[in-house]
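[1] Fold the following.
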Amino acid sequence: MGRRIAGRIAGFLLYIGAAPLANHALAAQYDLCARGVGERLTSTVRVRLTVDGPDLGDHLDTVAGEIIKRRVWNGRAQAVFIEDFDPQRCSAALGKQQEFTLSLDLADLGKLAADRARSASEPSPTAIALNERAALTSAIEGPAVPGAQQYYIIRVHYATNRDRAASTSVETRFGSARGKAISFGAADVTIPKTHEMGELETPSILRLEFSADPAKHITVHALQDLDRQAWHRDLELRANALGAPGVLLFIHGYNVSFYDAAIRTGQLAHDLAFPGPTVFFSWPSRGQTIPYTVDEENARWAVDDMHSVLADLATLARGAPVYVIAHSMGNRVFTEAFRDLLERSAGSRRAFKELVLAAPDIDAEVFKRRIAPHILGVGPRVTLYASDNDVALAASRMLRGGYRRLGEAGPTIAVLRGMDTVDASRVKTDFLGHSYFGDSASVMSDLFYLIRNGAKPTDRFALRAAQSAEGAYWEFKPPKR
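    Next up is the predicted model:
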């Protein structure tokens, strides 16, 4: 029985003059979905609450919130959002369930009302006392699926203009050639419970690992096709549920397959503990090192479809924000499309909150002349991560006639009004130094505070101020020895 039905029954009994409800075993049952958000916490759980006594009515969120905050998350949640349970809006809570029972009477309701009259912002002493009375009757901590003890399953959504293969394999469902239309769907990505922030665990021949094991590696468990309407509806439901967290969009770079884009997106969703849906746009990169110019042409070709997806996401939420992380050559796809979107629909900018340009493989002067005037200072904050240890961007510069890339650091690091520039040269990364946005715990942690908390560079503990000839920027502090 939902909160509304239970409330109507209790109200009707009061109306007809039933005997005091404190002496009756009227059981109001609530089936709730709750999300707790705090420092390094984003968790969603299904909570069933049975109340022996009068219906809680307008006090449900106060009482249930106190029980959930203190009993489910041990006080670690700084904010708790509660809704009636809906499997579409609360899919993250499927299999995670706790049940409580609570006895109360009309005197308790009177005290709750008095607490609210005194202060609507302070914790209710009566709700805190009722929490102590609540009894936990059942707890299911994880999804009832094979391997639940070894890995998590995270659902991410995709939009891709790659060609679709006849194969049913998740590894080869989408190829590297251009498709005839945008395909939409969702991917279930597994994250091993041994996963560490800033790691993309994949099989290694050096460790004699010849196939992916979800207990050790990030994998794609399944793909589900969705038509555009269903895809949009699913995202809209989740982006506006439980505090309206919005949506996170990732655009991959050069030399990335669809499968690799999916597992990277799952890692981002997990490491950033993003409470809303996460989406990736996968354009037809060849997923190989050699055909760089082919990827360039396909990135240019993909701009119109990227624009279409951005326009879709801009209409998803009623005040729920869109966050974007673009990497490498994916920044060409994103920034061109975003510029076009703002030119055609200036009001769309209100939907976007944070734009992250990670190691962008864009001509720095072209960006300053053609892109920056249109996207900087128009609404969403823009953050650039650059590095002078990026071998891939150095190679790109050589191929492009020596013109510096926007993602390169050094003495001429790009510093522009309306953009926060962060020099990531000090962070530990792989040989190419190009995927540090996802392979460095330091950068991932900085992204966490940027996206999850909206923290300014001055408030992100890993950064310190720096100065160049072009102006002030930020850099990662030296590692402690």
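[2] State the mean pLDDT of stretch 367-384.
    For stretch 367-384, mean pLDDT rounds to 95.
[3] Quick one: end-to-end distance for it.
    Across stretch 367-384, the terminal residues are separated by 12 Å (CA to CA, to the nearest Å).
[4] residues of it that come out buried?
    Using 16 or more other CB atoms under 10 Å as the test for burial, stretch 367-384 gives 367, 371-372, 375-376, 379-384. Backbone N, C-alpha and C define where each C-beta goes, glycine included.
[5] which other residues reach that stretch?
    Residues outside stretch 367-384 that contact it (CB atoms under 8 Å, 6 or more residues apart in numbering) are 324, 335-336, 338-339, 342-343, 349-350, 352-357, 360, 362, 406-407, 414, 416-422, 450.
[6] likewise stretch 467-481?
    Stretch 467-481 is contacted from outside by 411-415, 420-428, 442-443, 446, 457, 462-466, using CB under 8 Å, 6+ apart.
[7] Would you agree Leu248 falls within a strand?
    Yes: under DSSP: H, G, I helix; E, B strand; the rest coil, Leu248 falls within a strand.
[8] Show only the entries of the buried residues of stretch 367-384 found in strands.
    Assignment to strands by DSSP state E places the following of the buried residues of stretch 367-384 there: 381-384.
[9] quick one, domains of this structure?
    Split into domains by automatic domain parsing, the chain comes to 3-140, 151-476.
[10] Next, the residue nearest the centre of the chain: secondary structure please.
    Against the mean C-alpha coordinate of the chain, by CA atoms, centre = their mean, the closest residue is Phe274 at 3.1 Å. Put simply, Phe274 is coil when judged by three-state DSSP.
[11] For it, which non-adjacent residue is spatially closest?
    In space, and not counting its chain neighbours, Phe274 is closest to Leu248: 4.8 Å by CB to CB, 6 or more residues apart in numbering.
[12] about what we covered before: list only those of the contacts of stretch 367-384 flagged as buried.
    Buried by 16+ other CB under 10 Å: 324, 335-336, 338-339, 342, 352-357, 360, 362, 406-407, 414, 416, 419-422, 450, out of these.
[13] circling back: got JSON lines for the ones in strands among the buried residues of stretch 367-384, with distance to Gly243 too?
    Shown next, in JSON lines, are those (distance: CB to CB, whole Å):
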{"residue": "Arg381", "distance to Gly243": "20"}
{"residue": "Val382", "distance to Gly243": "25"}
{"residue": "Thr383", "distance to Gly243": "23"}
{"residue": "Leu384", "distance to Gly243": "29"}
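[14] Now do the host helix or strand of Leu112: everything it contacts.
    Element membership for Leu112, per DSSP states H and E: helix 106-118. Here helix 106-118 makes contact (CB under 8 Å, 6+ apart) with 20-22, 53-54, 56-57, 59, 62-63, 124-127, 130.
[15] Also stretch 441-458?
    Here stretch 441-458 has contacts from 40, 42, 196-199, 248, 271-274, 323, 325, 353-354, 356, 383, 385, 420, 422, 424, 427-428, 436-438, 459-463, 474, 476, using CB under 8 Å, 6+ apart.
[16] Contacts only, for Leu206.
    Applying CB under 8 Å, 6+ apart to Leu206 gives no contacts.
[17] Which pLDDT does the model give it?
    If you check Leu206, the pLDDT there is 74.
[18] which SS class is it?
    helix.
[19] for Arg339, same thing?
    At Arg339 the chain is in helix, as set by three-state DSSP.
[20] thinking again about what came up before, let me know the distance separating the residue nearest to Phe274 from Glu354.
    Taking CB to CB, to the nearest Å as the measure, Leu248 and Glu354 are separated by 9 Å.
[21] Now do the shared contacts for the two.
    Any residue near both Leu248 and Glu354 by CB under 8 Å, 6+ apart counts here, and that gives 323-324, 451.
[22] nearest to Ile191, of those?
    Nearest to Ile191 out of these is Ile451 (CB to CB; 18.1 Å).
[23] give me the number of residues near the closest one?
    Look at Ile451: counted by other CB atoms under 10 Å, it has 23 neighbours.
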